[in-house]
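> Any chance you can model this:
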Amino acid sequence: MRRKTKLIHGGMPFDPHTGAVSVPIYQVSTYKQEDIGVHKGYEYSRTGNPTRHALEQSIAALEEGTRGFAFGSGMAAIHAVFMLLHAGDHIILTDDVYGGTYRIVTRVLNGLGIASTFVDTTDLAEIDQAVLPNTKAIFVETPTNPLLKVTDIAAVSSLAKSKGLLFIVDNTFSTPYWQTPLALGADIVLHSATKYIDGHSDVVAGLAVVGDEKLGEELHFIQNATGGVLGPQDAWLLMRGMKTLGLRMEAHEANARELVAYLLDHPAVQTIHYPGLAGHPQHELAKKQARGFGGIISFDVGSAEKASDMIRKLNYFTLAESLGAVESLISVPARMTHASIPQERRAQLGITDGLIRVSVGIEDSEDLLEDLEQSLK
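Numbering: from 1, shown residues only. This next block holds a predicted model:
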């Protein structure tokens with residue numbers, strides 16, 4: 001089954017109870033039991049809900065995993081996966097992860113006795129050197145947010161397996177349409193489904209997929225025990241959004257390529273980050289492990305003042321925290337999504353005050369280019 005077909009027919013394409021081609025919103029908290037402990041697969045909606053189950057089946061099929069899990073936010077999904085660790089454990093993470101991931105690791109996990117080390121995961125030697133006797137997992141975001149660095153998933157998987165470590169990949173930017181980390185050796189894949197999976201700025205959700213049944217049982221226990229599950233209405237909206245994911249991802253990338261080509265030659269732009277550029281440090285790797293380069297670009301205009309001035313002039317780029325929607329969204333990571341990361345740390349990573357991140361939408365590219373042109377004057 002090819003990818004666009006799988007988006008429509010993969011997982012659970014219709015309701016097994018009624019035959020409805022759109023799985024209904026089962027707005028229910030509990031279920032009638034035929035006898036004590038005898039039921040039709042559902043007993044309480046925190047443990048399982050038919051609408052959420054259909055979504056979880058769909059994302060598992062798309063990511064080529066064995067079991068999927070839907071949570072109330074991307075951070076809830078990340079938190080649940082981190083709960084597979086215990087006090088005294090150590091985790092290695094990509095250095096320029098999303099600010100929310102950095103915050104939960106440094107201010108929540110560390111407080112629970114779980115140590116962490118942030119490294120440049122594009123360098124396998126750095127990961128290897130960071131492994132300690134108590135290291136239990138490697139967490140990779142690829143491409144990264146906001147510098148779009150690309151990590152070799154297969155190579156890190158080999159390293160993780162050789163040392164008996166859990167390997168977790170945040171696949172939010174690429175989505176399963178462009179990249180399937182489980183097929184490259186990851187153990188768990190994560191998504192902020194608020195972004196591309198939904199694609200319409202109307203849902204906050206998180207997804208996780210595992211490749212191993214035993215790991216799936218452990219994660220389901222945590223999901224049920226901690227209770228951060230996704231509601232049925234949001235699950236239904238995600239399933240509706242997923243059906244057009246392929247069409248949207250292709251349109252996002254087509255527009256992103258045009259914007260990158262324009263920005264490359266603009267005197268106001270100092271640096272530009274996009275894996276689709278031949279000059280990107282991991283361009284060949286991105287071509288090898290993904291089917292596309294995505295719709296996120298970031299570029300530096302030199303200062304916070306210039307970034308603010310440019311953004312105030314825009315008409316078709318919405319200043320907002322999120323990404324992955326049909327409308328083009330723009331942000332300044334240092335003052336928005338990554339503000340929770342200390343300034344010194346941001347400077348080390350290259351997340352400057354003049355760095356602008358653009359989530360390119362599916363508008364007419366001519367309008368977006370004209371808008372950029374007038375704002376950069």
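
> Quick one: list the elements packing against the longest helix belonging to the chain.
Counting by DSSP state H, the longest helix found in the chain is helix 245-264. Using 3 or more CB pairs under 8 Å, 6 or more residues apart in numbering; DSSP states H and E as the contact test, the elements touching helix 245-264 are helix 3-9, helix 175-178, strand 271-273, strand 296-300, helix 365-376. (Each C-beta comes from the backbone N, C-alpha and C, glycine too.)

> ok now it, how far from the chain's centre?
Taking CA atoms, centre = their mean, to the nearest Å, one finds the center of helix 245-264 at 18 Å from the center of the full chain.

> buried residues in it?
Judged by neighbour count (16 or more other CB atoms under 10 Å), helix 245-264 contains these buried residues: 245-246, 248-253, 255-257, 259-260, 262-263.

> on that earlier part again, out of the helices and strands packed on helix 245-264, which is closest to residue 68?
Comparing the helices and strands packed on helix 245-264 by their distance to residue 68 (CB to CB), the top pick is helix 175-178, with 10.6 Å.

> ranges for the helices of this protein?
3-9, 50-62, 74-82, 99-104, 124-130, 153-162, 175-178, 213-226, 232-242, 245-264, 283-289, 304-313, 343-349, 365-376.

> Surely residue 235 and residue 48 touch.
No: the criterion here is CB atoms under 8 Å, and residue 235 misses it with residue 48 at 11.7 Å.

> if you count what's nearby, which of these two comes out ahead?
Counting neighbours by other CB atoms under 10 Å for residue 235 and for residue 48 shows that residue 235 has the greater number, 27 against 17.

> quick one on the thing from earlier: possible to save the helices of the chain as a markdown table with mean pLDDT and distance to residue 110?
Supplementary listing: these in a markdown table, determined by pLDDT from 0 to 100; distance: least, CB to CB, whole Å:
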| stretch | mean pLDDT | distance to residue 110 |
| --- | --- | --- |
| helix 3-9 | 94 | 39 |
| helix 50-62 | 97 | 30 |
| helix 74-82 | 98 | 11 |
| helix 99-104 | 93 | 10 |
| helix 124-130 | 98 | 16 |
| helix 153-162 | 98 | 22 |
| helix 175-178 | 98 | 30 |
| helix 213-226 | 98 | 19 |
| helix 232-242 | 98 | 31 |
| helix 245-264 | 98 | 35 |
| helix 283-289 | 98 | 31 |
| helix 304-313 | 96 | 30 |
| helix 343-349 | 88 | 15 |
| helix 365-376 | 97 | 40 |
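
> deepest of the ones you listed, which one?
helix 175-178 (a mean of 27; mean count of other CB atoms under 10 Å).

> and it, what does it pack onto?
Packing contacts for helix 175-178, counted by 3+ CB pairs under 8 Å, 6+ apart, involve helix 50-62, helix 245-264.

> Could you dump the ones you listed into a markdown table with distance to residue 366 added?
Conversion of the helices and strands packed on helix 175-178 to a markdown table gives the following (distance: least, CB to CB, whole Å):
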| stretch | distance to residue 366 |
| --- | --- |
| helix 50-62 | 32 |
| helix 245-264 | 9 |
